[in-house]
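A.B. asks: Take a look and give me a structure for this.
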Amino acid sequence: MRTGKGGPGGRSSTGRGGCRQAGLESCRESRLDANRGGLTVGELLGTLESRLELQLAPGAADLDRPIVSREIQKPGLVLTGLFDYYQPERVQVFGQSEVRFLAHAGESAAAVVAEYCRRPPPLLVVTRGLAPPEALAAIARQSGTALVASPLATADVIAVLLHHLNARLAPRVTVHGDLLEIHGLGVLVLGESGIGKSECALELVARGHRLVADDVVEIRTQGDRLVGTPTELSRHRLEVRGLGIVDVRHMFGVAAVRESVAIEQVVELVRLEEGGRFDRLGESAQAWEVLGRSRPMFRIPVAPGRNTATLVELAARRELLQRLGINAARELREDVARRIAREDAGGDSP
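C.D. replies: Residues are numbered from 1 along each chain as shown. So this is what the prediction gives:
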């Protein structure tokens, strides 16, 4: 991000550059070192600098200020003095109407400056390449709030901000398991340590399916979806006992990995014990719940001689067929019911 020319009130150029306050490298370091469950202003600016062509206005901006809300706010009525509508935890976006209003607000702008300084937002964003009015520059100077400008249209800036904020600040959990894309279906494989999840994943990758995460899966919400991703350290890597760490991307090619996938089915690997009870027909799956969302789950017993990868692949194929209305268990039950009805009626068996 480049600093605006001629101070905060001057019109800024729209070229791409670096993060002025602590340097672009500081923004990037913030993005790498920050807790993955949170987000700072510097991290956001370092990530979106090129995409939004952001420019940071002169002044001592607090780039370590946390961003806690996934929502943004266009102030609108707040600028007229209706401060009950002000949401200070949100990134504030100023389009053409807000900038023009503040530029001609006169003395009434002082009340806006005072309120924003009393409860400063994490970030002020001006769109359409407009010069930030003096009121916004005063807020930035007095409260240490970062003030940036983008030449892009307001709707485009808001869309990018919302997408990134939702991706980073959505509720998330970490689970022990492997995540793969099998025939286009996101399948999460769970099970106790040492049961063979990684070996199963390796076999599935060798068959042409795609690895998303091994051992640790980060899951976040995205609307009604559950999106799974790997950790930074485990990305593209898979641990195989006896062989160590395998780089799946280098060994099998870039088509063998994915950065993320929506989780649509869960398979739990369990040890086959004498007397254990498992579903014989598979008419109804159990429910696996996380972050307020539920996904179908199947428990697959693991024992010597059973091909775990084939069973997990079969579970994915079964789910895809059921989406097409093909349910072998239901069809069997209906066939049995029809045969019983014919026998009760004294009819001949087919």
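
A.B. asks: what lines up beside the one helix or strand residue 289 maps to in the sheet?
C.D. replies: For residue 289, the enclosing helix or strand under DSSP states H and E is strand 286-290. Its sheet considered, strand 286-290 pairs with strand 293-302 (antiparallel) by DSSP bridges.

A.B. asks: buried sites along the strand it pairs with?
C.D. replies: 295-300, 302 (16 or more other Cβ atoms under 10 Å). Where you see a C-beta, it was placed from the backbone N, CA and C, and this is true even at glycine.

A.B. asks: can you list the domain ranges for the protein.
C.D. replies: 24-169, 172-333 (automatic domain parsing).

A.B. asks: Save those domains as JSON lines, and put in distance to residue 340 too.
C.D. replies: What follows is the domains of the chain, written out as JSON lines (distance: least, Cβ to Cβ, whole Å):
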{"stretch": "domain 24-169", "distance to residue 340": "53"}
{"stretch": "domain 172-333", "distance to residue 340": "11"}
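
A.B. asks: deepest of the ones you listed, which one?
C.D. replies: Mean neighbours per residue, mean count of other Cβ atoms under 10 Å, is largest over these for domain 24-169, with a mean of 18.

A.B. asks: Against residue 60, how distant is the residue nearest to residue 64 when sequence neighbours are not counted?
C.D. replies: Counting by Cβ to Cβ, 6 or more residues apart in numbering, residue 64 lies nearest to residue 40, which is 5.5 Å off, once chain neighbours are set aside. Look at residue 40 and residue 60: by Cβ to Cβ, to the nearest Å, they are 16 Å apart.

A.B. asks: Does the residue nearest in space to the middle of the chain belong to a helix, a strand or coil?
C.D. replies: For the chain, the residue nearest the mean C-alpha position is residue 167 (3.5 Å; Cα atoms, centre = their mean). Here residue 167 is helix, with the state taken from DSSP: H, G, I helix; E, B strand; the rest coil.

A.B. asks: was I right about it contacting residue 222?
C.D. replies: Yes. With contact defined as Cβ atoms under 8 Å, residue 167 counts as touching residue 222 (7.3 Å).

A.B. asks: before we move on, the earlier item: export the domains of the chain to CSV and tack on mean pLDDT?
C.D. replies: Shown next, in CSV, are these (pLDDT from 0 to 100):
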stretch, mean pLDDT
domain 24-169, 89
domain 172-333, 90
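
A.B. asks: Residue 342 is nearest to which of those domains?
C.D. replies: domain 172-333 (15.2 Å; Cβ to Cβ).

A.B. asks: Could you tell me the end-to-end distance of stretch 207-222?
C.D. replies: Stretch 207-222 stretches 30 Å from its first residue to its last (Cα to Cα, to the nearest Å).

A.B. asks: thinking in terms of the whole chain, how far from its middle is it?
C.D. replies: Counting by Cα atoms, centre = their mean, to the nearest Å, stretch 207-222 is centred 13 Å from the centre of its parent chain.

A.B. asks: where do the helices sit along the stretch 151-300 of the chain?
C.D. replies: Per DSSP state H, counting those that start in this stretch, the stretch 151-300 of the chain carries helices over the ranges 154-169, 197-206, 248-252.

A.B. asks: Quick one: closest of the ones you listed to residue 239.
C.D. replies: Of all the helices of the stretch 151-300 of the chain, helix 197-206 comes closest under Cβ to Cβ, at 5.6 Å.

A.B. asks: Packing partners of the closest one?
C.D. replies: With contacts defined as 3 or more Cβ pairs under 8 Å, 6 or more residues apart in numbering; DSSP states H and E, the packing partners of helix 197-206 are strand 178-182, strand 185-191, strand 210-213, strand 237-240, helix 248-252, helix 308-323.

A.B. asks: Good, we can wrap up now.
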